[in-house]
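A.B. asks: after the sequence you'll find the predicted model.
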Amino acid sequence: MIQANTPLYQKETESISHTQLNLLKAVAKGETQFTSTAVMSKFQLGTPRNVSKNKAILIKNDIIHEIDHQYEFVDPAFELWFKKQYFNESYSI
């Protein structure tokens, strides 16, 4: 399933901005305090305003959603693909 959707996932990541991609990396790593100085610096998220704007865009585009004050990928298969592409994590669940 992941391999079949790879072109779609690649297109999705190519269509978002660099800071949105970095925000997805922070989500993938389980970060919750996106506007903390440490997280903004580590993932190069820009300003707190940029974080808010990018979070809203990613939610609007059904890439991430908020559950109990934590952000997750809407599509679990996309999350697995994303982690493999950007962090070389295995596809294991």
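C.D. replies: Received, thanks.
A.B. asks: you'd agree residue 23 is in a helix?
C.D. replies: Yes: assessed with DSSP: H, G, I helix; E, B strand; the rest coil, residue 23 lies in a helix.
A.B. asks: what sits against it?
C.D. replies: Taking CB atoms under 8 Å, 6 or more residues apart in numbering, we find residue 23 in contact with 34, 43, 45, 51, 54-55, 58. Just so you know, the C-beta spots here come from the backbone N, C-alpha and C atoms, and that holds for glycine as well.
A.B. asks: nearest to residue 1 among those residues?
C.D. replies: Set against residue 1, the nearest of the contacts of residue 23 by CB to CB is residue 58 (22.1 Å).
A.B. asks: isn't that closest one right up against residue 20?
C.D. replies: Yes: using CB atoms under 8 Å, residue 58 is in contact with residue 20, at 6.0 Å.
A.B. asks: so for the chain, the centremost residue is which one?
C.D. replies: Residue closest to the average C-alpha location in the chain (CA atoms, centre = their mean): residue 24, at 1.5 Å.
A.B. asks: quick one: pLDDT of that one?
C.D. replies: On the pLDDT scale, residue 24 is placed at 98.
A.B. asks: check the one 5 residues further on too.
C.D. replies: The model reports residue 29 with a pLDDT of 96.
A.B. asks: give me the neighbour count for it.
C.D. replies: 13 (other CB atoms under 10 Å).
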